[in-house]
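Engineer: Give me a 3D structure for the following:
(chains A and B)
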Amino acid sequence: MKEFIIRFLPEKRSVSVDKGTDLLTAAIRSGINIYNSCGGEGVCGRCKVIVKKGKYRTEYSGRIQEKEQKKGYVLACRTTPESDMTVHIPEESRLSGIEVLTDGAKASRLSGLYTPAEDIQEEPQHKTKPKLFKHGPLSTKIFLKLPRPSIDDNLSDTDRLFREIRKNHDIPVMQMGLANIKKLPGLLRESNWELTVTLGNRNGTTEIVIIEPGDHSPENFGVSLDIGTTTIVAYLIDLNTQKVLAANASHNPQVDFGEDVISRIIYAEKEKGLEKLHHAVVDTVNMLIANLVNEKSLTLDDITAVMCAGNTTMMHLLLKIDPAYIRKEPYIPAANSIPVIRAAEAGIKIHPRGLLSCMPSIGSYVGGDIVSGILASGMDNTKDLCLFVDLGTNGEVALGNKEYFLACSTSAGPCFEGGGLTSGIRAMKGAIQKVSVKDNALSIETIGGLPPKGICGSGAIDIISVFMRHKIIDRSGKIKDNKICEVKEEGRVKRITLVDKKSSGIGKEICIDENDIKNIIHSKGAIYTGIEVLLKEAGYAKSDIKHVFIAGGLGTSLGIRSAINIGLLPDLPEEIFEFMGNTSVTGAKMGILSQEAMEKAYSIAEKITYLDLSASPGFMNNYSAALFLPHTDINLFPSVKEIL
Amino acid sequence: MDRLIEKWQDKITEVRIGATKEQGGTRGKNITIGGETGIYFIKDEDKCPNPPAIAMEVWDMEPSEAWSETLKSCFGAALKDPAEWAKMCVEKFSADMICLRLAGTNPDTKNDSPEKAGKTLEKILKAVSVPLVVIGGSSPEKDNEVMVHCAEVSRGENCLFGIATQENYKTLAAACLSGGHSIISEAPIDINIAKQLNILICDMQFPADKIVIHHATGALGYGLEYTYSIMERTRLAGLSGDKMLSMPMISFVGHETWRTKEAKSGDETAKEWGSAKDRGILLESATAAAYINVGADILVMNHPKAVEETKKMITKLCKA
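Structural biologist: Numbering: from 1, shown residues only, chains lettered A, B, ... in the order given. As a prediction, this is how the structure comes out:
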């Protein structure tokens, strides 16, 4: 087979590929991450690259404008080389590396995505006052001095150890693996009968996970993780003091294989697909843990436990379980609760005998991240009716209180995480997250005050709200001629430039077009309809809701008013809303620190009834009514009616 | 036992089509539609202030292949001259209104210019004194040019222009607003989009009492039940106080019926279908009957015999 050399600029990185290999695959192979939301299907238009030299074959889609075609723009996933090539990968097609997220964490608080450790110490003051759970981490280290055996006290080494542990701890069932039993006699005698035992909670029994000579009990650390579809967040936690020592985040590199869970499940069905997806996530988790350990001058052996929260598909991929049946009717996952296993079994590098626990899921499309979120919000402790909305790719919504929960997944799409928008980016520094009109001109604010790089979720919500109020768009989201911003039109699609080429941080204008607005309207309509259906099924009116918790990585803050204006959230008094940021990792932190919290998580998962929206009568009708700003029935939004 | 009388919060908006001399036009009379106070023809609920009106369809070109022989034979040579054709519909077949379909402007047929369409419209306005419905040639881009011109030449006549859709309503709405006409807003069997479109049109300062809703029309056996149920929902919403769904409704009964193979094919096709002469008429009348019962305020029809039967039915229903 013929081979061609593809040279990528500006890195000047070359890779040799077979004829017929597309440029996207070539770029990934050379180690350059390109946006690729649709999994290489030529649909999303995010993988634009510029051909500088060489012959190629390409399919143009509506995603490349005519002007761009002339400049050599092609979709990397739709282009194959016919000769050696030189290809420039522009800034906007690149996935930002982790440095964007970790750098300067103190300067701006990315609560949605990544909260610096010092900000996490104090538990946030929630309106529902989540119960403080009894300290009882996934793994506990205790220091013991064992009495030496004698003719009168002739218990075996193992029983002697158990007896000593039980003197202080009420643990009826204990187990110890063969490896530790083999190690025990020598270790006891060499350490002068003084040792540190790591006790792990394993599915209702207690395991002696690690034995080591001397006193290491003060050094007991764990990591809590949120494995999101787009972002992975890790906290390093001192399991003794219960403090978060450091935090780190990265994008989920599985994005290279598809932006949503469905396209990843499809990818997993390809040859070696599951393996690639599994490695992508595990490698990132290991890198995050290694970074955290280095930052605090610890060793990997000091980490004895990991707690993960994520949606059902993410958990399958992390554990390399085939997720195929999640996608196929009647949508059955391999497991909702995963027993506590050794982290090493999943490829996670901590202490080789360290434990991995996962937040239980509810079903194929409502996962452990939601259980974690409900746990973190404390809404299961109150009699008041609470609503939980996760503005992520899957857009899960849960309604309930201490008695019961109803949950659904609305498949909102990646809009609120910056996906599916011409200039969309995840909540990172330089992301536009606030927009206002001052002196008849648009004024923008970015995260960290940096030159704008794109629009994140809360920015998108703000933009639609501002455009609607200032009649820059009509109520169906179509751009109108107006006095505030210039309207350009290409191929019948109108667009508005928010930041020109000169002022932007990516050397290209940042804009929003009618298709972007349509995508946002579809996402917000899906979430609103999900809320509506849950309320109807539970037999409540929206005025019965006493607290609303918003979770998600859409920015450091969320304009609740804007979210109501566009019809994303129900028209309720602003003070009952609370933007909580990443609740998945918060819940995972609670779970690793307290067995009681974990038990609570299991009871929450048991209480949740999953509702399939597609089976709900009238869903499509409600949905199409929600595809308007704020809604076809303006009477549902009296406060918005006043300002329109 | 007492009959339960449903009391509705609201009534359907009255829309006046056509302008007399006093009103700035040249029509001999105008027609008011809508105003229902309940479900059509339910005794004591609907006061039936304005019976449904029947508009007969006239084309700006001879509908050679599109129409069946049965249909064409009713009009003979008049089909070649839109003005004569319109006159015949009013004088001989007692049409309440004329619906001019500008089929000849479509680039796939004759691609007639907006000016030519305007001339045809002017001729018809002179030939008959009833109010007019004017609809385009089903080519959204071309319609935008044609309808702007036609709305201008018929300025002040308060014709009912169509068809505005969600994708293409601004040009037509602006033209109607400036020419003093009414508008047909159409959504494809989706009550939400119907309402959204009415909101968008009203947001252009277009008066709500100059809008007539069209939900697509399905002929009997060709999706009638879908359009029927969406029209019923619209009517119930309108009577319950939803101002953006309380407009009168129009149905293009003739056009849809005479496209079906049952109406078009001759005697040889299937004996059990009955005589080709009656088949289309029966289908058109039956379809019209269904739409009248669900609340259609204007029926656009084709066959004179079907028009006659439908008129008889309306009279009977109104009396009862």
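
Engineer: is it true that A:Thr586 touches A:Gly378?
Structural biologist: No. A:Thr586 is not in contact with A:Gly378 according to C-beta atoms under 8 Å; the separation is 10.7 Å. In short, each C-beta sits where N, CA and C put it, glycine included.

Engineer: and the two? which has more neighbours close in?
Structural biologist: Ranked by neighbour count (other C-beta atoms under 10 Å in any protein chain shown), A:Thr586 and A:Gly378 place A:Thr586 first, with 28 against 20.

Engineer: And the pLDDT at the more buried one?
Structural biologist: A:Thr586 is assigned 90 on the pLDDT scale.

Engineer: and the gap between B:Gly156 and chain A?
Structural biologist: Using C-beta to the nearest C-beta, to the nearest Å, we find B:Gly156 at a distance of 28 Å from chain A.

Engineer: Pull the number of nearby residues for the closest residue to that residue other than its chain neighbours.
Structural biologist: Take B:Gly156 and drop its neighbours on the chain: the residue closest to it by C-beta to C-beta, 6 or more residues apart in numbering or on different chains is B:Gly24, 4.2 Å away. Neighbourhood size, B:Gly24 [other C-beta under 10 Å]: 12.

Engineer: And the pLDDT at B:Gly24?
Structural biologist: B:Gly24 carries a pLDDT score of 92 in this model.

Engineer: So it is in contact with B:Gly179, correct?
Structural biologist: No. At 10.9 Å, B:Gly24 does not count as touching B:Gly179 under the criterion of C-beta under 8 Å.

Engineer: anything in contact with each of the two?
Structural biologist: Listed as contacting both B:Gly24 and B:Gly179 by C-beta atoms under 8 Å, 6 or more residues apart in numbering or on different chains are B:Gly156.

Engineer: give me the element the residue of the stretch 1-150 of chain B found nearest chain A is part of.
Structural biologist: With C-beta to the nearest C-beta, the shortest gap between the stretch 1-150 of chain B and chain A falls at B:Glu141, namely 10.5 Å. Using DSSP states H and E, B:Glu141 maps to helix B:140-153.

Engineer: hmm, who's touching that helix?
Structural biologist: Helix B:140-153 is contacted by residues B:102, B:105-107, B:111, B:114-115, B:117-118, B:121-122, B:134, B:136-137, B:159, B:161, B:165, B:167-168, B:171-172, B:175-176, B:178-179, B:181 when judged by C-beta under 8 Å, 6+ apart.

Engineer: again, 7 Å this time
Structural biologist: With C-beta atoms under 7 Å, 6 or more residues apart in numbering or on different chains as the test, helix B:140-153 has contacts from B:102, B:105-107, B:114-115, B:117-118, B:121-122, B:134, B:136-137, B:161, B:168, B:171-172, B:175-176, B:179, B:181.

Engineer: mean confidence score for it?
Structural biologist: The model assigns helix B:140-153 a mean pLDDT of 95.

Engineer: do the next helix or strand after it and chain A meet?
Structural biologist: Later in the chain than helix B:140-153, the nearest helix or strand by DSSP H and E is strand B:160-164. No. With C-beta under 7 Å from any C-beta of the partner chain as the measure, strand B:160-164 is seen stopping short of chain A, the closest distance being 13.1 Å.

Engineer: Show me what the helix or strand following strand B:160-164 is packed up against.
Structural biologist: The C-terminal neighbour of strand B:160-164 among helices and strands, as given by DSSP H and E, is helix B:170-179. Under the contact definition 3 or more C-beta pairs under 7 Å, 6 or more residues apart in numbering or on different chains; DSSP states H and E, helix B:170-179 sits against helix B:140-153, strand B:160-164, strand B:182-186.

Engineer: Need the per-residue pLDDT for the residue in the stretch 1-150 of chain A that chain B sits nearest to.
Structural biologist: Nearest residue of the stretch 1-150 of chain A to chain B: A:Gly62, at 16.5 Å (C-beta to the nearest C-beta). Confidence at A:Gly62, expressed as pLDDT, is 71.

Engineer: tell me the centre residue of chain A?
Structural biologist: Note on chain A: the residue nearest the mean C-alpha position is A:Gly228, at 2.5 Å, using C-alpha atoms, centre = their mean.

Engineer: Could you pull up the residues touching that one?
Structural biologist: A:252, A:310, A:392, A:553, A:584.

Engineer: 10 Å instead, please
Structural biologist: Going by C-beta atoms under 10 Å, 6 or more residues apart in numbering or on different chains, A:Gly228 touches A:113, A:249, A:251-252, A:309-311, A:314, A:369, A:390, A:392-394, A:417, A:552-553, A:582, A:584-585.

Engineer: Go through those residues and flag which are in helices.
Structural biologist: Using DSSP state H, the subset of the contacts of A:Gly228 located in helices is A:314, A:369, A:584-585.

Engineer: Roughly how far does the residue of the stretch 1-150 of chain B closest to chain A sit from A:Ala615?
Structural biologist: 41 Å (C-beta to C-beta, to the nearest Å).

Engineer: out of the two, which sits in the more crowded spot?
Structural biologist: B:Glu141 (10 against 7).

Engineer: contacting residues for A:Leu161?
Structural biologist: Contacts for A:Leu161 (C-beta under 10 Å, 6+ apart) come out as A:144, A:146, A:155, A:174, A:176, A:180-181, A:184, A:188, A:195, A:197, A:208, A:211.
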